[in-house]
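[1] let me see the structure of the following:
(one chain, ligands or ions: 1)
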Amino acid sequence: MDKERMYELITILNKANYAYHVLDNPSITDQEFDKYLRELITLETLHPDWVVADSPTRSVGGEVIESFKKVNHTIPMLSLSNVFNEDEIIEFDSRIKKEGITPQYVCELKIDGLSVSLKYQQGKFVSAATRGDGTIGEDITHNVKTIKTVPMTLTKAIDIEVRGEIYMSKKTLLELNKKREAAGIPLLQNARNAAAGSIRQLDSKVAASRNLDCFIYHLPNPEDYKIEYHQEALDFMENLGFKVNSKANRLVTDINGILEFINYYTKERANLSYDIDGVVIKTNSIKEQKQLGFTAKSPKWATAYKFPALEVLTKLTDITFTVGRTGQITPNAVLEPVIVAGSTIARATLHNEDYVVSKDLKVGDIVSIRKAGDVIPEVVSAKKERRTGAELPFKMITKCPICHELISKKPGLVDYFCLNPFCPARHIEGLIHFTSRHAMNIEGLGERIIEDFFNLKFILTFSDIYHLAEHRDSLIELEGYGNKSIDNLLKAIEISKNSSLERLIFGLGIPSVGEKTAKILAIKYQKLETIIKTTEEEFKEIPDIGPIVAEGLKTYFANPTNLKELNTLMELGINTTYLGPKVQVNPNFNNKTFVITGTIDSISRTDLEAKIELLGGKTSSTVSKNTSVVIVGSTPGSKYNKAIELNIPIWTETDVLTYLNSSF
Ligand code: IVH
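    Next up is the predicted model:
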């Protein structure tokens, strides 16, 4: 019978998968595996209604979900407290002993990935969830099905929940990054982010192609299986078919055992095929675990020892130069990608010429790299004894790498600058202005991020900002940008699309067009399309817009590059209409010219001027016989005397507020 054969093939292939991926001990050859798999695929294609959830063909991915469902963790998924040195381990041990316990500990490796909860019913895999905030996680069942070391069927038909870590091997990360480098895509910064990024995909094809793996290390409900020791739980889970790190795990009877384990893996860590960022120490007896209990965040019966920052060797393949928004030139080390403390490092800042010279770095050198503060990569020194003679001496550039104009440095200072005001690197400044608070007001897109995204070529123009959402997967994998911060940023970008026209006009950075002019234009013309069509003469007729501003506006809107960019922005859904309050002419202000002098405390000068204009008034900076009212704040200037001299009505701050309040 075909159906029986199908079940037979599933059993053979699942066993072979387990032997290969979990036991690391293949039971059949690759050719045999492929032959059986092809036979199974043929049967399943002929009889699609026969396909079962635990078929090994399901692990190739392809399942696409619409959104991540929320999952409630009935037993919270807690994190661990950290210890960083021997003294803190001793303290952890004595806190336990104070409770009258003489503990045995299980020492485990702290896998650098993301934690997962797996649920089975009657021995069949039913669902998988991320940790989330510990209480509510996200359903990632479709992606976890693609992980070959997560069994779809257990050796016993029981209901069970187990927890562990999904991770990506060092080899997979390096291969993936090689491909990304060749394709010009930003590198994945570390195995943890790469694994997390793969799991947070709606289409399971991505996870399937990323070759993820999973170690199981926690049984939340040991009593249900009459299990009294953590070590027993680990063996139990291993016998059910889970991949447990039993080669590494070690049962120890005292603190010396813990320290030996830590010392061994501090050295051995570099030889492991996966990243670890520490060692986890857990008391073995479940009864003692119960007695010790939990704090709000973590169990008191376990802790994580975190490794100190590592130094590794790699090759300095090039020194390149970047230009910051102020024109500052920075040399950067281009490195053969290496993993340092869990992150792939391919670049590091070399700060300035003096820094490179003082370290005597040459292109081609073998250098030692460290992650300072565990975050920023740093070139520590060159291994001069490894030089072959083929290394190239460092030479500071003389021209800007972007605009090719000569660069210079001030006497006594270390940094070179490109002084060309038209250097494209100055775009960065324009981008910062565009996103600033009084322009498009995109929270989270500040100077540093814009510089980063500019250098990574994610944002070169205003419209690129509105394309960022398409790069979400690459962005969340950048060092220092988590899921949450990128999602908040994308949200802020989306919100900014609805800004009123005056913000967009101000944000464009048209020479001499400040906030006030932008507002005048937006109120008068209501739509960007109308402003674009306005002639220089018409601009000049607007009070407060002089010939220089009028010419600046015309030049800006006559430039085809600018027009193309504005068109793109419109196509991307950026609002180009004035959305502020409608003009509501108020007789106290209408057709009058106001001059303000001194400090007004309760309202900013710009806002006051804008409101006066909204109510039909005009503002001017000089007092003359044409001035209707002079508004006088504290410590007024000579304009106050002039007003008295010309007998012009004077309003105090209280007067102006009273008149304004009747309208707003
Ligand atoms: S035990 C209640 N064991 O480290 C026990 N966690 O900083 C919970 N981790 O959220 C965890 N390897 O994602 C445990 N052998 C291991 C681990 C491990 C990695 C992760 C896990 C946890 C985080 C805590």
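[2] I'd like the next helix or strand past the helix or strand in which M237 is found.
    Using DSSP states H and E, M237 sits in helix 230-240. The first helix or strand that comes after helix 230-240 along the chain, using DSSP H and E, is strand 250-252.
[3] what's that following strand packed up against?
    strand 105-111, helix 255-268 (3 or more Cβ pairs under 8 Å, 6 or more residues apart in numbering; DSSP states H and E). C-beta here means a position set from N, CA and C on the backbone, and glycine is covered the same way.
[4] what does stretch 207-215 rub up against?
    21, 59-62, 111, 116, 143-144, 146-150, 164-169, 172, 176, 194-195, 198-199, 201, 243-245, 274 (Cβ atoms under 8 Å, 6 or more residues apart in numbering).
[5] what comes up buried for the host helix or strand of L335?
    Using DSSP H and E, L335 sits in strand 328-340. Within strand 328-340, the residues that count as buried by 16 or more other Cβ atoms under 10 Å are Q328, I329, T330, P331, N332, A333, L335, P337, V338, I339, V340.
[6] can you list the residues you listed in CSV and add distance to the ligand and pLDDT?
    Compiled in CSV, those are given as follows (distance: Cβ to the nearest ligand atom, whole Å; pLDDT from 0 to 100):
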residue, distance to the ligand, pLDDT
Q328, 39, 87
I329, 41, 91
T330, 35, 91
P331, 37, 94
N332, 33, 92
A333, 31, 95
L335, 28, 93
P337, 24, 88
V338, 22, 86
I339, 17, 79
V340, 19, 76
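[7] ok, N177 - contacts?
    When contacts are counted by Cβ under 8 Å, 6+ apart, N177 touches L187, L188, P337, T344, A346.
[8] L316 contacts K359, doesn't it?
    No. Counting by Cβ atoms under 8 Å, L316 does not reach K359; the two are 10.3 Å apart.
[9] what's the overlap in contacts for the two?
    Jointly contacting L316 and K359 under the rule Cβ under 8 Å, 6+ apart are V379, A382.
[10] those two - which one has more neighbours?
    L316 (23 against 16; other Cβ atoms under 10 Å).
[11] what about A248, distance to the ligand?
    A248 sits 9 Å away from the ligand when distances are taken as Cβ to the nearest ligand atom, to the nearest Å.
[12] what's the burial count for that residue?
    Neighbour tally, A248, other Cβ under 10 Å: 18.
[13] what score does it have for pLDDT?
    On the pLDDT scale, A248 is placed at 97.
[14] re the thing from before, what helices or strands is the strand holding L335 leaning on?
    Strand 328-340 packs on helix 170-182, strand 311-323, strand 343-349, helix 353-358, strand 366-372, strand 376-382, strand 416-418, going by 3+ Cβ pairs under 8 Å, 6+ apart.
[15] and the last one, what does it pack onto?
    Other helices and strands packing on strand 416-418, by 3+ Cβ pairs under 8 Å, 6+ apart, are strand 328-340, strand 407-408.
[16] pairing partners for the strand holding L335, with directions?
    strand 311-323 (antiparallel), strand 343-349 (antiparallel), strand 416-418 (antiparallel) (DSSP bridges).
[17] could you look up the SS state of the closest residue to the ligand within the stretch 301-450 of the chain?
    Closest residue of the stretch 301-450 of the chain to the ligand, Cβ to the nearest ligand atom: A304 (5.1 Å). Assigned by DSSP: H, G, I helix; E, B strand; the rest coil, the conformation of A304 is strand.
[18] tell me, how many residues neighbour the closest residue to the ligand within the chain?
    Residue nearest to the ligand within the chain: S115 (3.2 Å; Cβ to the nearest ligand atom). S115 has 20 neighbouring residues, counting by other Cβ under 10 Å.
[19] and the helix or strand it falls within, what does it pack against?
    In this assignment (DSSP H and E), S115 forms part of strand 114-121. The contact analysis (3+ Cβ pairs under 8 Å, 6+ apart) places strand 114-121 against strand 124-130, strand 160-167, helix 191-199.
[20] point out the most buried one among the ones you listed.
    Among the helices and strands packed on strand 114-121, helix 191-199 has the highest mean neighbour count (mean count of other Cβ atoms under 10 Å), at a mean of 24.
[21] now do that one, average pLDDT.
    87.
[22] please apply the same query to stretch 577-588.
    Per-residue scores along stretch 577-588 average to 80.
[23] so for it, what gets flagged as buried?
    Y578, N586, N588.
[24] could those residues go into CSV alongside secondary structure and distance to the ligand?
    Shown next, in CSV, are the buried residues of stretch 577-588 (DSSP: H, G, I helix; E, B strand; the rest coil; distance: Cβ to the nearest ligand atom, whole Å):
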residue, secondary structure, distance to the ligand
Y578, coil, 51
N586, coil, 62
N588, coil, 65
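[25] what is the burial count for N82?
    13.
[26] next up, the contacts around it.
    N82 makes contact with G278, T303, A304, Y305, K306 under the criterion Cβ under 8 Å, 6+ apart.
[27] what about the helices in the stretch 401-550 of the chain?
    427-435, 447-455, 462-465, 472-476, 483-496, 501-507, 515-525, 528-533, 536-541, 547-558 (DSSP state H, counting those that start in this stretch).
[28] point out the most buried one among these.
    Of the helices of the stretch 401-550 of the chain, helix 501-507 is the most buried (mean count of other Cβ under 10 Å), at a mean of 24.
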